[in-house]
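**Student:** got a sequence here, can you build the structure:
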Amino acid sequence: MSHYLGELLVWEIEDYLRARSARPERARVARIRVPDRSAAEMVAADLEAGGSFYAAARRAIARGTTLPDDLFGVVTRDEHPEVFEAVPGTTLPPKREGEGFLIIRLVAFET
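**Tutor:** Sure thing, here's the model as predicted:
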């Protein structure tokens with residue numbers, strides 16, 4: 001198991017370094033859209049406690065605190081430039097977007 005995790009970490013670092021030099025314009029992300037700051041803080045607390053992004057999304061859905069959105073998607077550099085400064089696997093802090101908040105985890109850059 002630890003060998004696999006080491007390979008995964010190397011892959012994430014290589015993906016990040018490739019993105020820094022190639023400057024991709026698109027990234028695959030997982031996201032949770034919530035209506036307000038308190039819901040965003042609940043999701044952030046779930047994630048800080050060591051839960052997986054998917055499990056935090058499921059709990060937020062079960063609590064009825066999510067807004068309609070796809071769990072997985074693609075974002076562009078113009079839409080979310082902060083994503084392109086992160087390493088794959090990073091969950092970004094909740095960000096106000098429109099009427100609610102968006103929590104994004106960078107999955108991978110598209111090249």
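**Student:** looking at the protein, which strand is longest?
**Tutor:** Residue-count comparison of every strand in the chain, with assignments taken from DSSP state E, identifies strand 100-110 as the longest.
**Student:** what's residue 106 in contact with, if anything?
**Tutor:** The contact partners of residue 106, by Cβ atoms under 8 Å, 6 or more residues apart in numbering, come to 27-29, 83, 86-92. In this view, the C-beta of every residue, glycine as well, is placed from N, C-alpha and C.
**Student:** output the below-cut-off pLDDT ranges for this structure.
**Tutor:** In the predicted model of the chain, residues 1-11, 15-22 satisfy pLDDT under 70.
**Student:** where along it do the strands fall?
**Tutor:** If you assign secondary structure with DSSP E, the strands in the chain sit at 26-34, 72-76, 95-97, 100-110.
**Student:** the shortest one pairs with which strands, parallel or anti?
**Tutor:** What it means is strand 95-97. Next to strand 95-97 in the sheet, as set by DSSP bridges, lie strand 100-110 (antiparallel).
**Student:** where do the helices sit along the chain?
**Tutor:** For the chain, the helices defined by DSSP state H cover 2-22, 37-48, 53-63.
**Student:** what does stretch 34-45 contact?
**Tutor:** If you take Cβ under 8 Å, 6+ apart as the criterion, stretch 34-45 is touched by 32, 56-57, 59-60, 63, 65-67, 93-94, 99-103.
**Student:** got the buried residues for it?
**Tutor:** 34, 39-40, 42-44 (16 or more other Cβ atoms under 10 Å).
**Student:** got those as JSON lines, with distance to residue 51 columns?
**Tutor:** Output for the buried residues of stretch 34-45, formatted as JSON lines (distance: Cβ to Cβ, whole Å):
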{"residue": "34", "distance to residue 51": "15"}
{"residue": "39", "distance to residue 51": "15"}
{"residue": "40", "distance to residue 51": "15"}
{"residue": "42", "distance to residue 51": "11"}
{"residue": "43", "distance to residue 51": "9"}
{"residue": "44", "distance to residue 51": "11"}
